[in-house]
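Trainee: Sharing a model prediction with you, sequence too.
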Amino acid sequence: MNAQSVPALMLQGTGSDVGKSMLVAGLCRAFARRGLRVRPFKPQNMSNNAAVTDDGGEIGRAQALQARAAGVPTTVHMNPVLLKPQSDIGAQVVVQGKVLTSAKARDYYRLKRDLLPKVIESFEIMANDADLVLVEGAGSPAEVNLRASDIANMGFAEAAGVPVILVGDIDRGGVIASIVGTHALLSDSDRKWLRGYVINKFRGDVSLFASATDIIEQTCGLKSYGIATYWPGAHKLPAEDGVALEKAGKYQRKQHGVSGPVIRIAVPHLPRIANFDDLDPLAAEADVELLVIKPGQVIPADCDLVLLPGSKSTMADLRFLKEQGWDIDILAHHRRGGAVIGICGGYQMLGRMVHDPDGVEGEPGSETGLGLLDVETVMAGDKTLRKTDGLTVMSHAPSSGALFSADVAVNGYEIHMGRTDGPDRARGWLTLAGISEPDGAISTDGRVMGCYLHGLFGSDAFRQNLLASLGGKDRVALHDFEAGVDTALDELADHLEACLDPDGLLELARSRTK
């Protein structure tokens, strides 16, 4: 089948965070279970939650989850343009999996019209191997002031000839106005691609919305493809970006019905936090209370572990951490005998210094670290991107006080700039496949450690070992996190099959013409 005639459907939103990513993931699983070769696609994504692909690049983690839902390997062509914010006005631009440049918003506005050929190239690569491509838009097509250079919404739909349905989030209120208003703002040439809509996150009696569908149809001529009621299992799946951390209660939920101690893990919420889905496996444990510490809050004195997450801008986030006084809290926690772990950017912050002589992250310079590990980081060299697995090591770790045992299996991925070295590297934390020397570092007292491996908390044996060392020695149940994600995807697909009109959506996708 020619790529130009492969069935495809695009879900665009009336705004950001209306649930497009999760709907696409659920529909990927639903249609894949029907025997279709489904491929997810997002022309442009903005997120610091990135995944390393099977072909050695990086894409947004939402597309990696969608690929998992579809049961296919990840590829850079699922998300050809990825923007990774480094500051309030600038971002790293990743094209087909590799860093192209860093650009301020105005510069990227001029650049992105030149990226459309790459976007279409990637889409056709995906379509050539598919029975159905499910495309996710970004933000809203109602941002008509940016339409001239758009590659993420109607600009792509027009270029690829893909029909569009709008997703509106009723949980925010004003969903009728958001759908009707979006339709009204579109030009006639863009409006022709808009064929229908879906209402998302509905709570209560769906029949009460019946008259609203009549209003939307009479006003816009748009067909309803269903009302997706609120799905309580959303927290079981990785969130797309940092918006999720802003929502109260995402992680800070008290555990109930747990016999034995509750393990408290504190995570400072850094402005440029990256790959924070590292936290999900810990949050899924019934005896873990994961506390995301917001600006203005202190790190609780009674937490068992302080976990420093990844960062897209290590030096800026390190300065922010110190401005909040969290450095004082962390050092006091360590003096009291507490444990500290840093992953990727968090690992770099634990050292004595972070140097950026070439201005990789912004202005050239250096920043003093927390000094809990005797290492220093230099932001230089090519970006490291790889999936890998390995084992924990303890060949040089102290006999007491360490947070893990030797030879515990881990797996995950590395996605970072910079090289870290120093005396504490002699006490490596992990041995990774294909790497000649151990990754990471451990302090002399064994209570501070860091590494570059994202995803290691998803390794069940490793997570069990760590939590046992933090006070859960009598833990009985071992939560199978990866199996839980697949179960949740099946549950989401079941939910959408019941709420939406999947046959109608498939028919619409098959109506695509170029």
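Mentor: It's in. Remember, it's a predicted structure, so these values are computed and weren't measured experimentally. Numbering: from 1, shown residues only.
Trainee: Distance of G345 relative to D460?
Mentor: G345 sits 25 Å away from D460 when distances are taken as C-beta to C-beta, to the nearest Å. From N, CA and C alone the C-beta is placed, and that goes for glycine too.
Trainee: Those two: who's more crowded?
Mentor: In this comparison of G345 against D460, neighbours counted by other C-beta atoms under 10 Å, the higher total goes to G345 at 30 against 16.
Trainee: Any idea what T420 is bridged to?
Mentor: Beta-bridge partners recorded for T420 (DSSP bridges): T377.
Trainee: Show the contacting residues for it.
Mentor: Under the criterion of C-beta atoms under 8 Å, 6 or more residues apart in numbering, the contact partners of T420 comprise 347-348, 351, 375-377, 441, 452.
Trainee: quick one: which of these sit in strands?
Mentor: Per DSSP state E, strands hold the following members of the contacts of T420: 376-377, 441.
Trainee: okay, the residues you listed in a markdown table with pLDDT and distance to G412 next?
Mentor: Output for the ones in strands among the contacts of T420, formatted as a markdown table (pLDDT from 0 to 100; distance: C-beta to C-beta, whole Å):
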| residue | pLDDT | distance to G412 |
| --- | --- | --- |
| E376 | 97 | 24 |
| T377 | 96 | 19 |
| A441 | 94 | 17 |
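Trainee: quick one: which of these is nearest to S47?
Mentor: When these are compared for distance to S47 (C-beta to C-beta), T377 comes out closest, at 23.6 Å.
Trainee: I'd like to know how many residues surround that closest one.
Mentor: 28.
Trainee: in which helix or strand would I find the residue nearest to T101 when sequence neighbours are not counted?
Mentor: Sequence neighbours aside, V93 is the residue nearest to T101 in space, at 5.2 Å (criterion: C-beta to C-beta, 6 or more residues apart in numbering). V93 is located in strand 90-95, with elements delineated by DSSP states H and E.
Trainee: go on, I227?
Mentor: Assigned by DSSP H and E, I227 falls in strand 223-229.
Trainee: Could you list the low-confidence segments of this protein?
Mentor: Low-confidence regions of the chain, defined by pLDDT under 70, span residues 1, 88-89, 240-260, 394-404, 472-479, 513-514.
Trainee: Break it down into its domains, please.
Mentor: As recorded under automatic domain parsing, the domains making up the chain are 3-236+487-510, 261-473.
Trainee: would you turn these into a markdown table with distance to D480?
Mentor: Listed next are the domains of the chain as a markdown table, based on distance: least, C-beta to C-beta, whole Å:
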| stretch | distance to D480 |
| --- | --- |
| domain 3-236+487-510 | 9 |
| domain 261-473 | 6 |
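Trainee: R352 against G369, yeah?
Mentor: Yes - applying C-beta atoms under 8 Å, one finds R352 in contact with G369, separated by 5.5 Å.
Trainee: of these two, who's got more company?
Mentor: Remark: of R352 and G369, G369 carries more neighbours, 24 against 16, as counted by other C-beta under 10 Å.
Trainee: Tell me the spacing between that one and E376.
Mentor: The gap separating G369 from E376 is 8 Å, by C-beta to C-beta.
Trainee: Give the residues shared as contacts by the two.
Mentor: Taking C-beta under 8 Å, 6+ apart as the criterion, G369 and E376 both touch 351-354.
Trainee: can you pick the most crowded of the residues you listed?
Mentor: G351 (25 neighbours).
Trainee: before we move on, the earlier item: most widely separated two among the contacts of T420?
Mentor: Set against one another by C-beta to C-beta, those have their most distant pair in E376 and Y452, with a gap of 14.8 Å.
Trainee: okay, those two: which has more neighbours?
Mentor: Each of E376 and Y452 had its neighbours counted (other C-beta under 10 Å), and the higher figure belongs to Y452 (27 against 17).
Trainee: I'd say that one and C344 touch.
Mentor: Yes - contact between Y452 and C344 holds when scored by C-beta under 8 Å: they sit 5.4 Å apart.
Trainee: Show me the common contact partners of the two, please.
Mentor: With contacts defined as C-beta under 8 Å, 6+ apart, the residues shared by Y452 and C344 are 414, 416.
Trainee: picking up where we left off before, of the domains of the chain, which is nearest F481?
Mentor: Evaluated over these, closeness to F481 peaks at domain 261-473, with 4.3 Å, by C-beta to C-beta.
Trainee: returning to that earlier point: which member of the ones in strands among the contacts of T420 is positioned nearest A316?
Mentor: The closest of these to A316 turns out to be T377 (C-beta to C-beta; 14.1 Å).
Trainee: What residues does the closest one make contact with?
Mentor: Here T377 is in contact with 314, 348, 351, 353-355, 369, 418-420 (criterion: C-beta under 8 Å, 6+ apart).
Trainee: do that again at 10 Å, thanks
Mentor: When contacts are counted by C-beta atoms under 10 Å, 6 or more residues apart in numbering, T377 touches 314-315, 345, 347-356, 366-367, 369, 416-422.
Trainee: what do you get for L506?
Mentor: For L506, the contact set (C-beta under 10 Å, 6+ apart) comprises 7, 9, 27, 30-31, 34, 36, 131-132.
Trainee: Mind listing what's buried along whichever strand or helix holds it?
Mentor: When secondary structure is defined using DSSP H and E, the element that contains L506 is helix 502-510. Under the neighbour-count criterion of 16 or more other C-beta atoms under 10 Å, helix 502-510 has 502, 505-506, 508-509 buried.
Trainee: what does stretch 482-499 give?
Mentor: For stretch 482-499, burial by neighbour count (16+ other C-beta under 10 Å) applies to 484-485, 488-489, 491-493, 495-497, 499.
Trainee: could you dump the residues you listed to TSV with secondary structure and distance to P261?
Mentor: Written out in TSV, the entries for the buried residues of stretch 482-499 read as follows (DSSP: H, G, I helix; E, B strand; the rest coil; distance: C-beta to C-beta, whole Å):
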residue	secondary structure	distance to P261
G484	helix	23
V485	helix	27
A488	helix	27
L489	helix	32
E491	helix	30
L492	helix	33
A493	helix	37
H495	helix	35
L496	helix	39
E497	helix	41
C499	helix	40
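Trainee: Out of the residues you listed, the closest to E143 would be?
Mentor: Taking C-beta to C-beta as the measure, L496 is the one of the buried residues of stretch 482-499 closest to E143, at 27.0 Å.
Trainee: how far away is the closest one from N200?
Mentor: L496 sits 10 Å away from N200, going by C-beta to C-beta.
Trainee: list the residues that contact both of those two?
Mentor: With contacts defined as C-beta under 10 Å, 6+ apart, the residues adjacent to both L496 and N200 are 22-23, 226, 228-229, 231.
Trainee: which two from those residues end up farthest apart in space?
Mentor: Pairwise distances among these were taken by C-beta to C-beta; the largest, 14.5 Å, belongs to M22 and G226.
Trainee: The two: which has the busier surroundings?
Mentor: Remark: of M22 and G226, M22 carries more neighbours, 26 against 22, as counted by other C-beta under 10 Å.
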